[in-house]
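Got a sequence here, can you build the structure:
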Amino acid sequence: MLSPLEESLLSIMMVIIMFGMGASLTFKDFKLSMRHPQAIGVGFSSQYLLMPFIAFALARLLNLTVEQTVGLVLMGCMPGGTTSNIFAYFSRSLLSLSIMMTICSTLAGFILVPLWMEFYTQGIDDAFRIPPDQIARLLFVLLIPTLLGMWLRRKNANIGAVIELMGGVLGAVVIVFLVVTWAPRNWRLLMETSWQVYAAVILLGLVGFLFGYLFSRILKLNPQKARTVSLETGIQNGPLAALIVIMTFSGETQQLILLIPVMYSLFIVLNSTWVTVLYRKWTKQEELARDQAKVEPS
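Model (predicted):
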């Protein structure tokens, strides 16, 4: 499904993305994030309470195979990816809040991803389960470039800013490269894949967007923060899930489980695009309403 070159690029991409993510932050940002403690808490809950359950429920509802179930649950347990930060920017949501939620979910993933995977894959044959220590080791290794990026940004803000830009650009280039090379080569696989798999990977993102927004509004977050949480909830770190599968399984089992993260990564870009267009329109309408409200008293 992925060539050796693509697997190598995927590994390099994850290191670059984590390094760039770390370089995008200063320790001052953590203090500033305390201006939105409720929003970060709501986003964190959406990420690690709603999404794993949504993935598990969809797998049961659509009667997915064991391999597909493992792949979907893994996607639901993933932390947010930097892709959510990109869409938060273009949707005119709160970018700083999006970045902080991504960082928090990534740091917590070292503990929570293995725990949720162990919980939601109970009863599945060990041959198809991902050992918790395997996930924890990989996530721990990926924390190193994140912390290095933060340290570099603190030592030299200019170099840190360049690394941040490089991480975002190179990460996006590699994602586009993987999609452009993978889809044409696997068109037959896409044609033969069952509708249940398509429904699962598409609905995981869409239901995540919806539940993240509704959950935020129920807990009294304003619309802009709710949209930020919504994007962070629905957009999971697909490349990280693919890397975990590649490093855990081999042969046919690897290919069957890997199908879910790869297809999710393909469709989440499409889903996020139209959701971003919708959210951007809402933001403009809110800004226009505020401007009109300021003018009316005079």
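
ok, and the closest non-adjacent residue to residue 211?
residue 50 (5.2 Å; CB to CB, 6 or more residues apart in numbering). For the C-beta atoms, the positions are set from N, CA and C on the backbone; glycine is no exception.

Run through the neighbouring helices and strands of the helix or strand residue 108 falls within.
Assigned by DSSP states H and E, residue 108 belongs to helix 95-120. With contacts taken as 3 or more CB pairs under 8 Å, 6 or more residues apart in numbering; DSSP states H and E, helix 95-120 sits against helix 4-23, helix 27-33, helix 37-45, helix 51-61, helix 66-77, helix 82-90, helix 132-155, helix 223-234.

now the angle from it to helix 66-77?
140 degrees (axes from the mean of the first three to the mean of the last three CA atoms, to 10 degrees).

Could you check helix 95-120 and say which residues are buried?
Residues 95-106, 109-110, 112-114, 116-117, 120 are the ones in helix 95-120 that count as buried (16 or more other CB atoms under 10 Å).

so residue 45 sits right up against residue 215, yeah?
Yes: under the criterion of CB atoms under 8 Å, residue 45 makes contact with residue 215 at 7.5 Å.

In terms of neighbours, single out the busier of those two.
Taking other CB atoms under 10 Å, residue 45 and residue 215 do not tie; residue 215 has more neighbours (20 against 16).

roughly how far apart are that one and residue 141?
32 Å (CB to CB, to the nearest Å).

For residue 92, see how far away residue 118 is.
With CB to CB as the criterion, residue 118 and residue 92 are 39 Å apart.

coming back round to it: any idea of the angle the helix holding residue 108 forms with helix 132-155?
Going by the same axes, to 10 degrees, helix 95-120 makes 160 degrees with helix 132-155.

Show me how far helix 95-120 is from its chain's centre.
Centre-to-centre, helix 95-120 and its host chain are 9 Å apart (CA atoms, centre = their mean, to the nearest Å).

Find the least confident helix or strand in this structure, judged by mean pLDDT.
Scoring the helices and strands of the chain by mean pLDDT, DSSP states H and E places helix 27-33 at the bottom, with a mean of 66.

What is the neighbour count of residue 18?
Residue 18 has 25 neighbours, counted by other CB under 10 Å.

so it makes contact with residue 149?
Yes: with contacts counted by CB under 8 Å, residue 18 reaches residue 149, the gap being 7.2 Å.

phi, psi of the residue nearest to the spatial centre of the chain?
Nearest to the mean C-alpha position of the chain, by CA atoms, centre = their mean, lies residue 236 at 2.2 Å. Residue 236 adopts backbone torsions of phi -100, psi 160, taken as degrees, to the nearest 10.

can you pull the contacts of it?
Remark: with contacts taken as CB atoms under 8 Å, 6 or more residues apart in numbering, residue 236 is in contact with 51, 75-76, 78-81, 204-205, 208, 264, 268.

can we see that at 7 Å?
When contacts are counted by CB atoms under 7 Å, 6 or more residues apart in numbering, residue 236 touches 51, 75, 78, 80-81.
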